[in-house]
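Peer 1: Sequence below, structure please.
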Amino acid sequence: MNISALQAHYREKRPKSASFFEQAKNHITGGVNGNLRFFEPFPITFQEAKGAWLFDLDGMRYVDYLLSYGALLLGHGHPSVREAVQRVWQEQGTSSFGATYPLELDMAKELKTLYPSFEQVRFTNSGLEATLFALRLALAFTGKSHIAKFEGHYHGSHDQVLVSVNPDWERAGDPQSPQAIPESYGMSDYYLKHTVVLPFNDWAACETILTKRKDEIGAVILEPMLSGYIAANRDFVMRLRELTKQLGIVLIFDEVKTGFRISLGGAQAFYGVQPDLTALGKIVGGGFPIGVVGGKREILELASPSHSRNRGETVFHSGTFNGNPMSLAAGLATIRHVAQPGTFERIVARTTRLRNEIESLGQHYGIPVKTIGEGTIFNVVLVEGEITNYRDLRFARKDVRLALDFLLMDHGVYSKPLNRFSMSEAHGDEEIRATVDAFERSFAVLKKL
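Peer 2: All right, here's what the predicted structure looks like:
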C-alpha cells in the first residue's frame, strides 16, 4: 500500500490542522496530551462536535466512531447529559465538593442494579485509577505479591499492567508462556518480575501457569473482550472463574471498554459470570472523567477508614475529584437514558446493520474484511482467518487497514487510524448511509491500489 501518497493527500486537505500541530509541538510534548492520540503525519484538530459528527479546523466534517474512545454512548452533547450537568450548577452550585454528597449514593445504587457482582463501590477519576486500585485491593486481600494479566490487554498506563500490551512478535516468546515485555521506557524491573503474562483464550496454558504459580499470584485481571472487541470464549471465562476460586486468586474484570457497551450489565452479564472485582470507566461518566471499582464487600472493605485496624493495614485510596458531581450527574443521565426500554437494543441493531453492510461491500469488492465485536463495539480487520487473541492479529493486513482509514477520513468517516469503531444513539439512518457510502468509495479505491 502506498501509504505515503495517502498521507500526502491527507496533509494537503488539512493545512490548518497541520499548522496547529506544528505550533502545538512547541508547547505540548509531542503536540498531543497522550501518546495514543498521535498518528502520522499529524492528528486532525477538531473544534466542534454535535451528535455523531465531528468538525475540524479545515471545515471538514466526519461521522465520529471514535466517540472519545467509546465514552459517548449517546453521542456528543446529548440533551439529557447537558441538562443533568446544568442542574448540578443550579442545585449543587459547585463542580466539586471534595466531600460526601447525595449523588454518590444514587450512582452506587444504580450500578448495583445493573451489576449483580457489585456489593460495594468506590469512585475514581479514570479507568487507569480503577484498575490500579482493584489490583492493590486484590494483593492486600490475598497477601500475595504477583498479578497475572493477558497478552495484548491494556489496563491503563501504570507500571504493573503496562506489560506485553503490544509486544513485538520476535520478543513475545512462546505463545503458551508469553514473555513479560515492557511497553515503556522507565519501568522498574520489579513490575516485569511480578507480572505474569497469560495467553488469551488458551485454557490449557492458562491453567498450567496459574496452578503452578498459585502461591505467588494474587489477582488475574483481564479484558473479557481484548481491546473491547475480541471476545473470550465462553468456556474460557467460565473455567477461569472456577479455577481462580479454587486457587484463592482474585478475578478482576476490566470493563472500562465493555461496560454498558456489550450489554447494560457489561461483559459479565453477557457471559453470566461474576468476577470478584470490576473496573469501569468511560460511559459511566457520560463524557466526564470517572472510574469505578465495584465488587465483593469483603475485599472493598479493606479500604474502609472506619475499620479498627492500624493505618498501615488499610488499603489507601483517595482523590480530590473522586465521584465529583459533574461526572456522576452526566453518567447517571446516560445510564438512565440508555436503560429506557428499547434504547440500547436500537443501538445494537444499528451496529449490526452497519457491520453487515461493511462486510457485504467487502465481499463485493473482493476485500477480506471482517467486523469483529459484540454489542455496540466492533473493529474492521483485514484478514482471512479467525482472530481469537493478540498473536492472531499478526496475520491481519495492517497496511491495508491504515490505507482504508485514510480513505475513510477523506470521505468523512473518523475513527483514529487502526482504532475500533464505537456506535452511539446519535448514529441514525443519515449517519449510517454516509458511512456505508464512504466505505464503498474507499473499497473501490483500495481495489485499484
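Peer 1: Tell me where the stretch 251-400 of the chain has helices.
Peer 2: Along the stretch 251-400 of the chain, the segments classed as helices by DSSP state H, counting those that start in this stretch run 266-271, 297-300, 325-338, 343-364, 398-410.
Peer 1: between those helices, which gets nearest to Leu36?
Peer 2: For these, the distance to Leu36 is smallest for helix 398-410, at 14.7 Å, taking Cβ to Cβ. All C-beta spots, glycine's among them, are computed from the backbone N, C-alpha and C.
Peer 1: list the helices and strands whatever helix or strand comes next after that closest one packs on?
Peer 2: Next helix or strand after helix 398-410 toward the C-terminus (DSSP states H and E): strand 413-414. Packing partners of strand 413-414 (3 or more Cβ pairs under 8 Å, 6 or more residues apart in numbering; DSSP states H and E): strand 61-64, helix 429-448.
Peer 1: So which of the ones you listed has the densest surroundings on average?
Peer 2: Across these, averaging neighbours per residue (mean count of other Cβ atoms under 10 Å) puts strand 61-64 on top, at a mean of 22.
Peer 1: okay, stretch 147-162 in CSV with CA atoms only?
Peer 2: Presented in CSV, the C-alpha positions along stretch 147-162 are these (Å, rounded to 0.1, in the frame of the first residue of the first chain):
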residue,chain,number,x,y,z
ILE,A,147,-0.5,-10.3,39.4
ALA,A,148,-1.4,-12.1,36.1
LYS,A,149,-2.6,-10.3,33.0
PHE,A,150,-3.2,-11.4,29.4
GLU,A,151,-1.0,-10.7,26.4
GLY,A,152,-2.4,-7.8,24.3
HIS,A,153,-4.7,-6.5,27.1
TYR,A,154,-4.5,-2.8,28.1
HIS,A,155,-5.5,-1.7,31.6
GLY,A,156,-4.1,1.8,31.7
SER,A,157,-0.6,3.2,31.8
HIS,A,158,0.5,2.3,35.4
ASP,A,159,3.6,0.2,35.6
GLN,A,160,2.1,-3.0,36.9
VAL,A,161,0.0,-3.6,33.8
LEU,A,162,1.9,-1.7,31.1
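Peer 1: buried residues in it?
Peer 2: By neighbour count on 16 or more other Cβ atoms under 10 Å, the buried set for stretch 147-162 is 147-157, 159-162.
Peer 1: Which of the residues you listed fall within strands?
Peer 2: Residues of the buried residues of stretch 147-162 located in strands (DSSP state E): Ile147, Ala148, Lys149, Phe150.
Peer 1: how about these in JSON lines, adding distance to Glu386 and pLDDT?
Peer 2: Formatted as JSON lines, these follow (distance: Cβ to Cβ, whole Å; pLDDT from 0 to 100):
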{"residue": "Ile147", "distance to Glu386": "29", "pLDDT": "98"}
{"residue": "Ala148", "distance to Glu386": "25", "pLDDT": "98"}
{"residue": "Lys149", "distance to Glu386": "23", "pLDDT": "98"}
{"residue": "Phe150", "distance to Glu386": "18", "pLDDT": "98"}
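Peer 1: Now tabulate the helices and strands packed on strand 413-414 in a markdown table and tack on distance to Thr124 and mean pLDDT.
Peer 2: Formatted as a markdown table, the helices and strands packed on strand 413-414 follow (distance: least, Cβ to Cβ, whole Å; pLDDT from 0 to 100):
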| stretch | distance to Thr124 | mean pLDDT |
| --- | --- | --- |
| strand 61-64 | 26 | 98 |
| helix 429-448 | 33 | 96 |
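Peer 1: With distance to Ala134 added, can I get the ones you listed in JSON lines?
Peer 2: As requested, these are exported to JSON lines (distance: least, Cβ to Cβ, whole Å):
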{"stretch": "strand 61-64", "distance to Ala134": "30"}
{"stretch": "helix 429-448", "distance to Ala134": "36"}
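Peer 1: tell me the mean pLDDT for the strand or helix carrying Lys50?
Peer 2: Assigned by DSSP H and E, Lys50 belongs to strand 46-50. Regarding strand 46-50, the rounded mean pLDDT is 98.
Peer 1: which other helices and strands contact the helix or strand following it?
Peer 2: Using DSSP H and E, the helix or strand that follows strand 46-50 in sequence is strand 53-56. Packed against strand 53-56, as judged by 3+ Cβ pairs under 8 Å, 6+ apart, are the following elements: strand 46-50, strand 61-64.
Peer 1: What average pLDDT does strand 53-56 get?
Peer 2: Across strand 53-56, pLDDT averages out at 98.
Peer 1: next one: stretch 345-358
Peer 2: Regarding stretch 345-358, the rounded mean pLDDT is 98.
Peer 1: In the stretch 301-449 of the chain, where is pLDDT below threshold?
Peer 2: Residues of the stretch 301-449 of the chain meeting the criterion pLDDT under 70: 307-312.
Peer 1: Leu302 reaches Leu139, doesn't it?
Peer 2: No: Leu302 is not in contact with Leu139 according to Cβ atoms under 8 Å; the separation is 10.2 Å.
Peer 1: what about those two, which has more around it?
Peer 2: For Leu302 versus Leu139, neighbours defined as other Cβ atoms under 10 Å are more numerous around Leu139 (20 against 17).
Peer 1: in what helix or strand does the more buried one lie?
Peer 2: Element membership of Leu139, judged by DSSP H and E, is helix 127-142.
Peer 1: Packing partners of that helix?
Peer 2: strand 120-124, strand 146-150, strand 217-222, strand 250-254, strand 277-281, strand 291-295, helix 297-300.
Peer 1: Kindly reformat the ones you listed as a markdown table containing distance to Met187.
Peer 2: Formatted as a markdown table, these follow (distance: least, Cβ to Cβ, whole Å):
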| stretch | distance to Met187 |
| --- | --- |
| strand 120-124 | 22 |
| strand 146-150 | 14 |
| strand 217-222 | 17 |
| strand 250-254 | 19 |
| strand 277-281 | 21 |
| strand 291-295 | 22 |
| helix 297-300 | 27 |
